[in-house]
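S.K.: Predicted model and sequence below, questions to follow.
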Amino acid sequence: MLMEAEGDRWVYRRSPTIGGSIADMGLTTDAGIPYLAPEIQLLYKSGTGQQKDLDDLTSVLPVLPRQGAEWLLCCLQEQYPTGHPWIAYVAQTLR
């Protein structure tokens, strides 16, 4: 997955008002393996409409830190102002 960047910030290609620090987008496992923050990956997966991506959401969301889930919810609401099925699911999980 490629990301657009402006200086030290990544920019979400589907909605350029969404983005963040490049330094904060990656995490590392205990074994030292780098990976993309799950909430960012889920944001990208929200646009596919594929069952495997919905499966990823339902698997990851229960263990996603609250801050990541809140960020995802805000981004989904911004990207899909007229609604998206994931918005209600993420909001319900945060209740």
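M.R.: Arrived safely.
S.K.: List the buried residues in the longest helix along the chain.
M.R.: Using DSSP state H, we find that the single longest helix of the chain is helix 66-79. Judged by neighbour count (16 or more other Cβ atoms under 10 Å), helix 66-79 contains these buried residues: G68, A69, W71, L72, L73, C75, L76, Q79. In this view, the C-beta of every residue, glycine as well, is placed from N, C-alpha and C.
S.K.: Wait, a helix at T82?
M.R.: No: T82 is assigned coil when assessed by DSSP: H, G, I helix; E, B strand; the rest coil, not a helix.
S.K.: Show the average pLDDT along stretch 27-42.
M.R.: The average of the pLDDT scores along stretch 27-42 is 95.
S.K.: Span of that stretch from start to end?
M.R.: 15 Å (Cα to Cα, to the nearest Å).
S.K.: List of residues touching it?
M.R.: 1, 20, 24-26, 53, 56-57, 60-61, 64, 68-69, 71-72, 75 (Cβ atoms under 8 Å, 6 or more residues apart in numbering).
S.K.: The residues you listed: which two are farthest apart?
M.R.: D24 and D53 (22.8 Å; Cβ to Cβ).
S.K.: When the two are compared, which one has more neighbours?
M.R.: Ranked by neighbour count (other Cβ atoms under 10 Å), D24 and D53 place D53 first, with 17 against 11.
S.K.: close enough to count as contact, the more buried one and K45?
M.R.: Yes: contact criterion Cβ atoms under 8 Å: D53 and K45 qualify, at 3.8 Å.
S.K.: The host helix or strand of S59 packs against which elements?
M.R.: Counting by DSSP states H and E, the element that carries S59 is helix 51-60. Counting contacts by 3 or more Cβ pairs under 8 Å, 6 or more residues apart in numbering; DSSP states H and E, helix 51-60 packs against helix 38-45, helix 85-94.
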